[in-house]
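Participant: Predicted model and sequence follow; I will ask about them next.
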Amino acid sequence: MAILVCGGAGYIGSHTVKELVTTYEVVVLDNLTTGFESLVDERATFVKGDLGDPEVVDTIFKTYSIDAVFHFAANSLVGESVENPLKYYRNNVGATLVLLEKMIEYNVNRFIFSSTAATYGIPNSELITEETATNPINPYGRSKLMIEQILADMARVHDFQYVVLRYFNAAGAHHSGEIGESHDPESHLIPIVLQHLLGEREQISVFGTDYETSDGTCVRDYIHVTDLARAHILSYEGMTGGKIANQTYNLGNGAGYSVNEIIETCQQISGKQATINYAPRRAGDPAALVASSDKISKELGWQPTFDLTAIISSAWAWHSK
Ligand SMILES: NC(=O)c1ccc[n+]([C@@H]2O[C@H](COP(=O)([O-])OP(=O)(O)OC[C@H]3O[C@@H](n4cnc5c(N)ncnc54)[C@H](O)[C@@H]3O)[C@@H](O)[C@H]2O)c1
Ligand SMILES: O=c1ccn([C@@H]2O[C@H](COP(=O)(O)OP(=O)(O)O[C@H]3O[C@H](CO)[C@@H](O)[C@H](O)[C@H]3O)[C@@H](O)[C@H]2O)c(=O)[nH]1
């Protein structure tokens, strides 16, 4: 039996594939819109195609014996989703529906879904638990919450189990040094700061200095990509072992860092000084998102193993190569 990894040529998907291939047979489906085939571990089978294309999904389910689908494939930029909502609803909801319908048709009944802290919107508590109300403030977060709701509806009537993993801000690179965060163009804070410190960008912009946070810049909870990958494997094994089904888990470090603090830590690790442009707020950004991951820790024994310094050090090692 194999695991189908949709979006396995992307940042988080490719890191999860690297962990999976040591134990499992892996098939990757990716249309390479934002991913790179070079990130896919050679022990996995790579299929270039779109998960919204029913014929592509038919072929995969007919050719391989798929036990579970890990679904990373999506458009995932908050600002872009505000500018172009239909792109987000078409790809993140529309294409996912095709995949889900095919799973029911072929009786593939385990699903792990990459969801996001963006489903919470502006949270009503400092530390976000899975009980915190979901009220997304941008189309990206809404597209992910829609799929979460669809999964719950499906599990009520079909032989179908899922785990929703709501990641906070993924960052860092694989310990092998072979893969790291690669987006083109890059929009994520840590790689942008590191690229600037390496002389690859003239300056960095800080989006908003008037948020209700300690220094006025946005606060996020950064979690290492390998810690996310491990959570997927624990979730899968939890489902196959009958320990869990139809659960939603937050994945973060439980510590919030402001944009200024991230820049400061990047400067310390690199030993270089940044040129900063303080800019207006970016559309769709909540002030602060910090996770409580107690639930997955209690139910599956998951713990983050990288703190902020270790996360940024691994990213620095990758970007400096
Ligand atoms: N990066 C983060 O901080 C973060 C945080 C929370 C949630 N997430 C979620 O995690 C997942 C992975 O994020 P990432 O940062 O690795 O993004 P990414 O853009 O690097 O990876 C997404 C991959 O999916 C592929 N893809 C997109 N649409 C597709 C389609 N219709 N058919 C086939 N392939 C398709 C892309 O080519 C890409 O390889 C996304 O679902 C995202 O919403 C990411
Ligand atoms: O050049 C930059 C880039 C980002 N930021 C700020 O840095 C913070 C982090 O931004 P970014 O790295 O773009 O991540 P988010 O927008 O927080 O979103 C990430 O984290 C979310 C979960 O919290 C995921 O759902 C998204 O897919 C993922 O892109 C935000 O406050 C941004 O406004 C800047 O100030 N300057």
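Facilitator: Good, I have the coordinates. Numbers count the residues shown, from 1 in each chain. Ligands and ions are numbered 1, 2, ... in the order given.

Participant: ok, residue 110 - contacts?
Facilitator: Listed by C-beta atoms under 8 Å, 6 or more residues apart in numbering, the contact set of residue 110 reads 67, 68, 69, 161, 162, 236, 239, 240. (Glycine included, C-beta is placed from N, CA and C.)

Participant: Next SSE downstream of the strand or helix carrying the first one?
Facilitator: Looking back up the chat, that one is residue 67. For residue 67, the element it lies in under DSSP states H and E is strand 66-71. Proceeding N to C from strand 66-71, the next assigned helix or strand is helix 78-83, under DSSP H and E.

Participant: pLDDT averaged over that next one - what is it?
Facilitator: Averaged over helix 78-83, pLDDT sits at 95.

Participant: tell me what it is packed against?
Facilitator: helix 85-88, helix 139-157 (3 or more C-beta pairs under 8 Å, 6 or more residues apart in numbering; DSSP states H and E).

Participant: can you put those helices in TSV and add distance to ligand 2 and mean neighbour count?
Facilitator: Formatted as TSV, those follow (distance: least, C-beta to the nearest ligand atom, whole Å; neighbours: other C-beta atoms under 10 Å):
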stretch	distance to ligand 2	mean neighbour count
helix 85-88	11	16
helix 139-157	7	18
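
Participant: how about the helices of this structure, start to end?
Facilitator: Ranges of helices in the chain, per DSSP state H, are 11-20, 54-63, 78-83, 85-88, 96-105, 139-157, 189-197, 225-240, 259-270, 294-300, 308-320.

Participant: Residue 217 is nearest to which of those?
Facilitator: Within the helices of the chain, the stretch nearest residue 217 is helix 259-270; the backing value is 3.8 Å (C-beta to C-beta).

Participant: That closest one near ligand 2 anywhere?
Facilitator: Yes - under the criterion of C-beta under 6 Å from any ligand atom, helix 259-270 makes contact with ligand 2 via residue 259.

Participant: so what does that helix touch, helix or strand wise?
Facilitator: Checking 3+ C-beta pairs under 8 Å, 6+ apart, helix 259-270 ends up next to helix 189-197, strand 204-207, helix 308-320.

Participant: Could you chop the chain up by domain?
Facilitator: Domain ranges of the chain: 2-171+223-251, 189-221+253-289+306-320, per automatic domain parsing.

Participant: and these, which is most packed in?
Facilitator: Comparing these by mean neighbour count (mean count of other C-beta atoms under 10 Å), domain 2-171+223-251 ranks first with a mean of 20.

Participant: ok, and does that domain reach over to ligand 1?
Facilitator: Yes - interface with ligand 1: domain 2-171+223-251 contributes 6-7, 9-13, 29-35, 50-52, 72-74, 76, 91, 95, 114, 116, 167, 169-170 (C-beta under 6 Å from any ligand atom).

Participant: start to end distance for that domain?
Facilitator: Counting by C-alpha to C-alpha, to the nearest Å, you get 25 Å between the two ends of domain 2-171+223-251.

Participant: mind checking how far that domain is from the chain centre?
Facilitator: Centre-to-centre, domain 2-171+223-251 and its host chain are 8 Å apart (C-alpha atoms, centre = their mean, to the nearest Å).

Participant: Start the count at 582 instead of 1 going forward.
Facilitator: Yep, numbering from 582; the last one is domain 583-752+804-832 now.

Participant: Skipping adjacent residues, who's closest to residue 705 in space?
Facilitator: residue 714 (6.1 Å; C-beta to C-beta, 6 or more residues apart in numbering).

Participant: so the one you found makes contact with residue 706?
Facilitator: No - Residue 714 sits out of contact with residue 706 when judged by C-beta atoms under 8 Å, with a separation of 9.2 Å.

Participant: As CSV, the contacts of residue 691 with pLDDT would be great.
Facilitator: Output for the contacts of residue 691, formatted as CSV (pLDDT from 0 to 100):
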residue, pLDDT
648, 98
649, 98
650, 99
742, 98
743, 98
817, 98
820, 98
821, 98
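
Participant: of all the residues you listed, which comes closest to residue 761?
Facilitator: Looking across the contacts of residue 691 and measuring by C-beta to C-beta, the closest to residue 761 is residue 817, at 23.8 Å.

Participant: Please list all residues in contact with the residue nearest to that closest one when sequence neighbours are not counted.
Facilitator: The shortest distance from residue 817 to any residue other than its chain neighbours is 5.8 Å, reached at residue 649 (C-beta to C-beta, 6+ apart). With contact set as C-beta under 8 Å, 6+ apart, residue 649 has these partners: 584, 585, 689, 691, 692, 693, 817, 820, 821.

Participant: For these, give me TSV that also has distance to residue 734.
Facilitator: As requested, the contacts of residue 649 are exported to TSV (distance: C-beta to C-beta, whole Å):
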residue	distance to residue 734
584	24
585	22
689	18
691	17
692	13
693	17
817	22
820	18
821	23
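
Participant: and those residues as CSV, adding distance to ligand 2?
Facilitator: Output for the contacts of residue 649, formatted as CSV (distance: C-beta to the nearest ligand atom, whole Å):
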residue, distance to ligand 2
584, 22
585, 21
689, 26
691, 23
692, 19
693, 16
817, 21
820, 23
821, 27
